[in-house]
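J.: Predicted structure and sequence below. I'll ask about it afterward.
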Amino acid sequence: MIELAFIGIGTGNPAHVTLAAVRALNAADVILLPRKGESKADLIDLRRLLCDELLEKESSTRIVEFDLPTRDGEAPYLGAVNDWHAAIASTWAQLLDHHLPNGGRAALLVWGDPSLYDSSLRIAKRLPDAGHALKVNVIPGITSLQVLTAEHRIPLNALAGAVHITTGRRLREKGWPNDAATVAVMLDSGGAFTAIEPQGTYIWWGAYLGMEKQCLIEGKLDEVSNEIIERRNALREKHGWIMDCYLLARQPLL
């Protein structure tokens, strides 16, 4: 049997990794680290750092790096994602078959939490039968939304209000969700908040949360919208990549 653990590592800050995650890392026979190209070298560097800091010195865990398949950015979104996930599943299957031919424990480090806006579990469902039974374990992690609200020192919800978690794409297409007092937005390619009415809306934005280069902006949307877009563009240009999220509300949360 192969046990595949998806380990939530939060935003890459070793202080945010749970004790359960540390135990799962040290119990693994193999840790698979994806490379996403030179422009996102920081991401694998952080994973390497976590392994260096959290694996016990006498650990026999092997670390295996691999090139993650890329998504076709020109093809229709859902079809491109489907093909991308199939390619990743095929890559995982080859790695597991090669490095654990007799079964064992493998681990993948997942940003944030494997159960919140991450497709690792969906991809695992695609793994072909390689001659071993497969057991999937999930070790939850601290999400970027938790770090966002903690760093801004606000609650996620308005008093007695509903919270809606969505993507930048959906916010652009659908606008403000019905009955939502606050809206948490993830996976925004940039500036989806410009699609909603800014008057009377507040925003709490954060990029590289939990990292040394963390950046935070908050305020009335009509006053800080341009500042966020300009800062986001500058940061992406400087670092070659960006991970950010934000919270929107129709009223101050405190």
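T.: The structure has been received and is ready for your questions.
J.: ok, residues contacting the helix or strand hosting Arg48?
T.: Counting by DSSP states H and E, the secondary-structure element that holds Arg48 is helix 41-54. Contacts to helix 41-54, defined as Cβ atoms under 8 Å, 6 or more residues apart in numbering, come from residues 9, 12, 14, 17, 21-22, 25-26, 31, 33-36, 63, 65, 109, 111, 211, 239-241. The C-beta positions use only the backbone N, C-alpha and C, and glycine is treated the same way.
J.: Narrow the residues you listed to those in strands?
T.: In strands, judged by DSSP state E, the following of the contacts of helix 41-54 are found: 31, 33-35, 63, 65, 109.
J.: and the contacts of helix 41-54, which are buried?
T.: 9, 12, 17, 21-22, 25-26, 31, 33-34, 63, 109, 111, 211, 239 (16 or more other Cβ atoms under 10 Å).
J.: Any idea which of these the model trusts least?
T.: Ranked by pLDDT, the buried ones among the contacts of helix 41-54 bottom out at Gly12, which has 78.
J.: Next, that residue: phi, psi?
T.: Main-chain torsions, Gly12, degrees, to the nearest 10: phi 100, psi 0.
J.: quick check: domain ranges of the protein?
T.: Domain assignment of the chain by automatic domain parsing yields the ranges 2-139, 144-249.
J.: lowest-confidence stretch among those?
T.: Among the domains of the chain, domain 2-139 carries the lowest mean pLDDT (a mean of 89).
J.: Give me the distance from it to the chain's centre.
T.: Distance, stretch centre to chain centre, for domain 2-139: 12 Å (Cα atoms, centre = their mean, to the nearest Å).
J.: Would you report the backbone torsion angles of Val163?
T.: phi -110, psi 130.
J.: quick revisit: got the CA coordinates for the helix holding Arg48 in PDB?
T.: Output in PDB follows, covering the C-alpha atoms of helix 41-54 (Å, rounded to 0.1, in the frame of the first residue of the first chain):
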ATOM      1  CA  ALA A  41      11.900  29.500  -7.600                       C
ATOM      2  CA  ASP A  42      11.000  31.100  -4.300                       C
ATOM      3  CA  LEU A  43       8.200  28.500  -3.900                       C
ATOM      4  CA  ILE A  44      10.400  25.500  -4.000                       C
ATOM      5  CA  ASP A  45      13.100  27.300  -2.000                       C
ATOM      6  CA  LEU A  46      10.500  27.700   0.800                       C
ATOM      7  CA  ARG A  47       9.600  24.000   0.700                       C
ATOM      8  CA  ARG A  48      13.300  23.100   0.900                       C
ATOM      9  CA  LEU A  49      13.700  25.400   3.900                       C
ATOM     10  CA  LEU A  50      10.800  23.800   5.600                       C
ATOM     11  CA  CYS A  51      12.300  20.300   5.000                       C
ATOM     12  CA  ASP A  52      15.700  21.500   6.300                       C
ATOM     13  CA  GLU A  53      14.200  23.000   9.500                       C
ATOM     14  CA  LEU A  54      11.500  20.400  10.300                       C
END
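J.: doesn't Ile88 fall inside a helix?
T.: Yes: secondary structure of Ile88 (DSSP: H, G, I helix; E, B strand; the rest coil): part of a helix.
J.: Surely it and Ile123 touch.
T.: Yes: counting by Cβ atoms under 8 Å, Ile88 does reach Ile123; the two are 5.2 Å apart.
J.: Greatest separation within the buried ones among the contacts of helix 41-54: which pair is it?
T.: Spatial extent of the buried ones among the contacts of helix 41-54 (Cβ to Cβ) is set by the pair Asn26 and His239 at 30.8 Å.
J.: okay, now Gly112: neighbour count?
T.: Neighbourhood size, Gly112 [other Cβ atoms under 10 Å]: 27.
J.: what pairs with it across the strands?
T.: Beta-bridge pairing of Gly112, defined through DSSP bridges, involves Gly10.
J.: Please report the distance of it from Glu56.
T.: 25 Å (Cβ to Cβ, to the nearest Å).
J.: and what of Ala87?
T.: As judged by Cβ to Cβ, Ala87 and Glu56 stand 34 Å apart.
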